[in-house]
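J.: here is the input, now give the coordinates:
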Amino acid sequence: MAATTRVTAAPARLNLSVSAIRVIGAVVILGIWQLLALSGLFFRDVVPPLQNIAGGLIKLLGSGAFYANLAVTGFELILALAIGGIAGLVVGLLLGSRALLSDAYESWLSYLGPTPKIILFPVMIMLFGVDSGSKIAMGAISCFFPIAISVAAGMRGVDPTLRRVGRSLQANSWQMFFKIELPAMAAPLVNGVRLGFGVAVIGTLLAETKLSNQGIGFMIINAYTRFDMPQMYALLIVTITFAAVVNAFAERIAKRFGGAGSGRKP
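T.: Presented below is the predicted three-dimensional model:
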């Protein structure tokens with residue numbers, strides 16, 4: 001009984017220490033920011049005190065325009081993830097299951113994946129116009145590569161024994177995929193979606209800052225051009241918090257499929 005108590009207490013202490021370190025880190029960063037704001041080393045409007053940013057955040061959350069623009073960006077992100085995610089899943093499955101296709105094309109994905117997708121924005125404008133279409137395209141292209149690469153790696157990592165068991169049970173192609181391969185590659189797939197979501201947010205917001213009259217990216221660049229630094233930082237805080245919450249949710253899902261989201265061995 002005592003041994004069980006010690007075993008269960010250790011993870012609790014670990015979780016407490018991790019949470020404490022995160023809180024301490026946040027407090028230190030905020031403290032440094034406040035010291036810099038009050039030191040006079042920087043122009044006060046460039047590095048505003050925390051109370052000014054808090055006031056901008058309260059004002060932002062009470063604005064109807066913020067929620068209208070948030071809905072626009074959310075709509076663009078959902079469509080971008082759907083389009084880029086489905087395309088990445090299909091391409092990843094093909095590359096992971098066909099050695100010839102992998103040898104022919106996967107190196108292209110590895111080369112093109114790290115390329116800043118914003119350089120394609122002029123092409124997206126010509127193809128899809130200046131409205132939401134070009135922003136959705138930028139988000140879809142951004143998330144396509146990490147999802148495709150992760151799915152291809154996950155498909156190749158499926159234990160051949162599982163496939164032999166499926167064939168011995170006379171499973172057809174659909175049963176083999178949904179009952180055996182998909183559960184086995186769930187962790188790489190979720191991690192690919194995590195990465196894809198992050199770069200989709202970056203691609204969509206960058207596109208909105210370049211040419212748009214709506215969306216969170218537009219609000220950020222608009223606050224910058226008006227030199228409303230408290231509102232700009234408030235928008236950045238909201239964006240980072242939203243991305244962090246989604247990433248934490250996806251990490252929990254990934255941990256359920258073999259701990260891939262944790263980045264540590266169990």
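J.: now the residue most central in space within the chain. Nearest residue, chain neighbours left out?
T.: Central residue of the chain (Cα atoms, centre = their mean): G198, 2.2 Å from the mean position. The spatially closest residue to G198, leaving aside those adjacent along the chain, is A243, at 6.5 Å (Cβ to Cβ, 6 or more residues apart in numbering). (Glycine included, C-beta is placed from N, CA and C.)
J.: neighbours around that neighbour, how many?
T.: 14 (other Cβ atoms under 10 Å).
J.: about what we covered before: any idea how far the residue nearest to the centre of the chain is from V130?
T.: 25 Å (Cβ to Cβ, to the nearest Å).
J.: can you tell me the SS state at I147?
T.: Secondary structure, DSSP: H, G, I helix; E, B strand; the rest coil: I147 is helix.
J.: ignore what I typed, I meant S212.
T.: coil.
J.: before we move on, the earlier item: so how far is whichever strand or helix holds the residue nearest to G198 off the chain centroid?
T.: For A243, the host element (DSSP states H and E) is helix 229-256. Centre-to-centre, helix 229-256 and its host chain are 9 Å apart (Cα atoms, centre = their mean, to the nearest Å).
J.: show the average pLDDT along that helix.
T.: Throughout helix 229-256, pLDDT has a mean value of 84.
J.: for it, buried residues please.
T.: 229-235, 238-239, 242, 246-247, 250-251, 253-254 (16 or more other Cβ atoms under 10 Å).
J.: on that earlier part again, does the residue nearest to G198 touch V201 like I think?
T.: Yes - applying Cβ atoms under 8 Å, one finds A243 in contact with V201, separated by 5.6 Å.
J.: mind checking what helix or strand follows the helix or strand encompassing A200 in sequence?
T.: Assigned by DSSP H and E, A200 belongs to helix 186-210. On the C-terminal side of helix 186-210, the closest following helix or strand by DSSP H and E is helix 216-225.
J.: all good on my end, thank you.
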